[in-house]
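Student: quick one: sequence and predicted model below, then my questions.
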Amino acid sequence: MTATTDGSGGPPVPHPPSASDRTTDHRPAPGDSAGLCTTALLTAQRSVEHLLGRQDPQGWWKADLETNVTMDAEDLLLRQFLGIQDEKTTAAAAVFIRGEQREDGTWATFYGGPGELSTTIEAYVALRLAGDRPDDPHMERAAGWIRAQGGIASSRVFTRIWLALFGWWRWEDLPELPPELIYLPSWFPLSIYDFGCWARQTIVPLTVVSAKRPVRPAPFALDELHTDRRHPNPPRPLAPAASWDGVFQRLDRLLHGYRRVAPRPLRRAAMNRAARWIIERQENDGCWGGIQPPAVYSLIALRLLGYDLDHPVMRAGLESLDRFAVWREGTAGPGDRREGPARMVEACQSPVWDTCLTVVALSDAGVPGDHPALVRAADWMLGEQITRPGDWAVRRPRLAPGGWAFEFHNDNYPDIDDTAEVVLALRRVRHPDPSRVEEAVARAGNWTLGMQSKCGAWGAFDADNTGTFPNRLPFCDFGEVVDPPSADVTAHVVEMLAQEGRAHHPRTRRAVEWLLREQEPNGAWFGRWGVNHLYGTGAVVPALTAAGVPVSHPAIRRAVGWLESVQNDDGGWGEDLRSYREESWVGRGVSTPSQTGWALLALLAAGERGGSAVERGIAFLTAAQREDGSWDERHFTGTGFPWDFSINYHIYRQVFPLMALGRYVHGQPPAGRNGD
């Protein structure tokens, strides 16, 4: 087999092997660089075939998006509240929830993680709704653990809201959330636009729920989940009045007092205003924001305001939730009994994100730009561009739209990360109508530049969404509620701008300077939307080098040194979600295909193609690939809220290893276009 080189000084690049060259064992011999490259190419080919076979006829890719069982538990609670539960759905949801329970009786928020109190409470209640008895061994283990952690009283506010809907918790013992919040102008502290879009869409309907304080008849008691059944909510001392926590706790007491004297016409008008706000933001497919939490609370709020279940808004909303369900074959239940089909509810769906990443990966692996699969994907992505204003326009009213969202339908909330990656993907395709691509990319580039925050970086959905007050509200204990700039989103934008010939644009240079300032002392970058420093570093290093930062720059060398220092003995990389809380976990964890891909993308961009760390990482990926060309990955490597809400993107294990293998074999992506 002949070989060529790509001019990088690394191992030779072989021509693709024929099908007859493939073997079952495609691992390279140790120390054989040429053999490793051949094996990498074969591994990439198998992955390409696997991904091409998974494309939808419309042009998109979408893999499962796995989170935790609160999605499934809250779906059952919603159906119970609305009176629309059915035996098939309830039984299938229970199969899935039982299958996720750990030996100690708990449920975690990510694979291999510790038991989490609120998740365990919600899962327990859902199983009781499904008919599991409190004296069943798996239920007794869960209840005992819940009591040991402080019981329902120690759970998060959102869990106690769900319980209050059925009288299992007192509304008076929850933080107050007045609907009059809808009237605060956008410039006022604690306006709804001070919250990140995901929190905003959740809080507005919950103001209605908080005002109405509904209670549906509880089908059973939950006394077994209290540490003291006679006093389920023991009093807790207030924080010092001079502290921010103390200030907001006292503000909450004032709001409870205001509830008793709030003018009824004003409150009624505020709730009607909130309803209009909710309905105006319902997407064409019936969902809200393309994510599950705002949908369930919006449906509850509108029902409380008198909307019948047959109303078009309600009917479309309920149908959209059904489309978030993934049905699987039966699993083993308690006592190793076989159970029926399982139903997992996705928190959201990620077709735009999955598609643009897949296109980049296929292109990196040598799939030609005019391949029909890539052209179909480009056509679909072009049709998904959002050309009308959304909530982002509150902060940028004069900015023309042009972004992409994450989901099938989410026109109100395009995001900067998806937009940057879609542009990177579109530039990999030789589309038969190039003018159509140029127009879309021009709109996207201008919109992205206009969404830059004052610091020079980018958040995910909004510009300058950096308020500190929202996180301090007693109500907001469920994770991040603001959307400040992050290194990973900013890096993707910088990479996109560099590709568009804007590496020397003043806005790009400000972003590069911001990224250099954000580097951690250990040489890594924090990962906001992926776990964690491996994700941040895997995004930033390729962006910096694309923008012209030399691989000899001290920041790049520090990043390389850190990546080499945290490589696992098996040649891969892994970082546990506990790194968001414990420094000892930074860069440490079981090797995963996706995180190994991120580390390799950074090292390859830094000019380390012939280095030992890269070769060991490539060997890990080739050895870990399954016979069908895919990789398996049970660990969660995606992030919704750092630590509080974790995601297992099933597409990550396929696309990021392929990107790394492709760039190892074929070299780095094409240089940027000529421009300003």
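Tutor: Yep, it's here.

Student: in stretch 623-630, what's buried?
Tutor: Within stretch 623-630, the residues that count as buried by 16 or more other CB atoms under 10 Å are Ala623, Ala624, Gln625, Gly629, Ser630. Just so you know, the C-beta spots here come from the backbone N, C-alpha and C atoms, and that holds for glycine as well.

Student: nearest to Leu76, of the residues you listed?
Tutor: The shortest approach to Leu76 among these belongs to Ser630, at 31.7 Å (CB to CB).

Student: any low-confidence regions in the stretch 201-350 of the chain?
Tutor: Where the stretch 201-350 of the chain drops to pLDDT under 70, the residues are 330-338.

Student: and if we set it to 90?
Tutor: By pLDDT under 90, the weakly predicted segments of the stretch 201-350 of the chain are 228-260, 292-293, 328-340.

Student: name the helices or strands packed onto the helix ranked longest in the chain?
Tutor: Across the chain, the longest stretch assigned as helix under DSSP state H is helix 33-52. Identification of packing neighbours for helix 33-52 by 3 or more CB pairs under 8 Å, 6 or more residues apart in numbering; DSSP states H and E yields strand 13-14, helix 351-364, helix 612-624, helix 652-666.

Student: among the ones you listed, which comes closest to Asp136?
Tutor: Across the helices and strands packed on helix 33-52, closest to Asp136 is helix 652-666 (CB to CB), at 34.7 Å.

Student: just the CA trace of the closest one, in PDB.
Tutor: This file holds the C-alpha atoms of helix 652-666, laid out as PDB (Å, rounded to 0.1, in the frame of the first residue of the first chain):
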ATOM      1  CA  TYR A 652     -20.900  12.700  20.700                       C
ATOM      2  CA  ARG A 653     -19.400   9.200  20.900                       C
ATOM      3  CA  GLN A 654     -19.600   9.000  17.100                       C
ATOM      4  CA  VAL A 655     -18.700  12.400  15.800                       C
ATOM      5  CA  PHE A 656     -15.800  13.600  17.900                       C
ATOM      6  CA  PRO A 657     -13.700  10.400  17.600                       C
ATOM      7  CA  LEU A 658     -14.300  10.600  13.800                       C
ATOM      8  CA  MET A 659     -13.200  14.200  13.700                       C
ATOM      9  CA  ALA A 660     -10.000  13.300  15.500                       C
ATOM     10  CA  LEU A 661      -9.200  10.300  13.300                       C
ATOM     11  CA  GLY A 662     -10.000  12.300  10.200                       C
ATOM     12  CA  ARG A 663      -7.700  15.100  11.200                       C
ATOM     13  CA  TYR A 664      -5.000  12.700  12.200                       C
ATOM     14  CA  VAL A 665      -5.100  11.000   8.800                       C
ATOM     15  CA  HIS A 666      -5.900  13.900   6.500                       C
END
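
Student: burial count for Asp285?
Tutor: Residues within reach of Asp285, counting by other CB atoms under 10 Å, total 15.

Student: what residues are up against it?
Tutor: Ala316, Ser320, Arg323, Phe408, His409 (CB atoms under 8 Å, 6 or more residues apart in numbering).

Student: the closest residue to the fourth one other than its chain neighbours: neighbouring residues, count only.
Tutor: When you say that, I think you mean Phe408. Using CB to CB, 6 or more residues apart in numbering and skipping the chain neighbours, the partner closest in space to Phe408 is Pro351 (5.6 Å). By other CB under 10 Å, 23 other residues sit near Pro351.

Student: I'd like the average pLDDT over stretch 148-168.
Tutor: For stretch 148-168, the mean pLDDT works out to 96.

Student: for that stretch, measure first residue to last.
Tutor: 19 Å (CA to CA, to the nearest Å).

Student: which residues touch whichever helix or strand Ala142 is part of?
Tutor: In this structure, Ala142 sits in helix 137-148 according to DSSP states H and E. Residues from elsewhere that reach helix 137-148, judged by CB under 8 Å, 6+ apart: 98, 101, 104-107, 115, 117, 120-121, 123-124, 127-128, 132-134, 152, 224-227, 334.

Student: okay if I get the contacts of Asp285 as a markdown table plus distance to Asp379, secondary structure and neighbour count?
Tutor: Formatted as a markdown table, the contacts of Asp285 follow (distance: CB to CB, whole Å; DSSP: H, G, I helix; E, B strand; the rest coil; neighbours: other CB atoms under 10 Å):
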| residue | distance to Asp379 | secondary structure | neighbour count |
| --- | --- | --- | --- |
| Ala316 | 27 | helix | 15 |
| Ser320 | 25 | helix | 22 |
| Arg323 | 23 | coil | 12 |
| Phe408 | 15 | coil | 20 |
| His409 | 18 | coil | 18 |
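
Student: those residues: which two are farthest apart?
Tutor: Across the contacts of Asp285, the longest distance by CB to CB is 13.8 Å; it joins Ala316 and Phe408.

Student: re the thing from before, which one of the helices and strands packed on helix 33-52 lies closest to His231?
Tutor: Here helix 652-666 is closest among the helices and strands packed on helix 33-52 (CB to CB), at 46.2 Å.

Student: tell me what angle the closest one forms with helix 33-52.
Tutor: Interaxial angle, helix 652-666 versus helix 33-52 (axes from the mean of the first three to the mean of the last three CA atoms, to 10 degrees): 140 degrees.

Student: that older thread, now find how far off-centre the longest helix of the chain is within its chain.
Tutor: In terms of CA atoms, centre = their mean, to the nearest Å, the centre of helix 33-52 is found 29 Å from the chain centre.

Student: pLDDT averaged over it - what is it?
Tutor: The average pLDDT for helix 33-52 rounds to 94.

Student: for that helix, buried residues please.
Tutor: Neighbour-count burial for helix 33-52 flags 36-48, 50-52 (criterion: 16+ other CB under 10 Å).

Student: buried residues in the helix holding Ala142, which are they?
Tutor: His138, Met139, Arg141, Ala142, Ala143, Trp145, Ile146, Arg147.

Student: next: stretch 54-69.
Tutor: For stretch 54-69, a neighbour-count test (16+ other CB under 10 Å) marks Gln55, Gly59, Trp60, Trp61, Lys62, Ala63, Leu65, Glu66, Thr67, Asn68, Val69 as buried.

Student: now the end-to-end length of that stretch.
Tutor: 26 Å.

Student: any weak-confidence spans in the stretch 501-650 of the chain?
Tutor: 641, 643-644.

Student: can we see that at 80?
Tutor: By pLDDT under 80, the stretch 501-650 of the chain contains no weakly predicted segment.

Student: what ranges does the stretch 1-150 of the chain have for its helices?
Tutor: Under the criterion DSSP state H, counting those that start in this stretch, the stretch 1-150 of the chain contains helices at 33-52, 70-82, 87-100, 117-129, 137-148.

Student: so for Glu421, which of those helices sits nearest?
Tutor: So among those, helix 33-52 is nearest, using CB to CB, at 16.1 Å.

Student: just the buried ones from the contacts of helix 137-148?
Tutor: 98, 101, 105-107, 115, 117, 120-121, 123-124, 127-128, 132, 134, 152, 224-227.

Student: got the contact list for the spatially closest residue to Gln149 that is not a sequence neighbour?
Tutor: Spatial nearest neighbour of Gln149, chain neighbours left out: Leu117 (4.8 Å); criterion: CB to CB, 6+ apart. Counting by CB under 8 Å, 6+ apart, Leu117 touches Ile146, Gln149, Gly150, Ser154, Ser155.

Student: got the contact list for stretch 505-516?
Tutor: By CB under 8 Å, 6+ apart, stretch 505-516 touches 449, 452, 455-458, 485, 487, 490-491, 493-494, 497-498, 502, 525, 540, 543-544, 547, 549, 555, 676.

Student: give me the distance from that stretch to the chain's centre.
Tutor: Computed by CA atoms, centre = their mean, the separation of stretch 505-516 from the middle of its chain amounts to 25 Å.

Student: mind checking the SS state of the residue nearest to Pro550 when sequence neighbours are not counted?
Tutor: Distance criterion CB to CB, 6+ apart; nearest residue to Pro550, sequence neighbours excluded, is Ile556 at 7.4 Å. Under DSSP: H, G, I helix; E, B strand; the rest coil, the three-state class of Ile556 is helix.

Student: please report how far Ile556 lies from Thr468.
Tutor: 33 Å (CB to CB, to the nearest Å).
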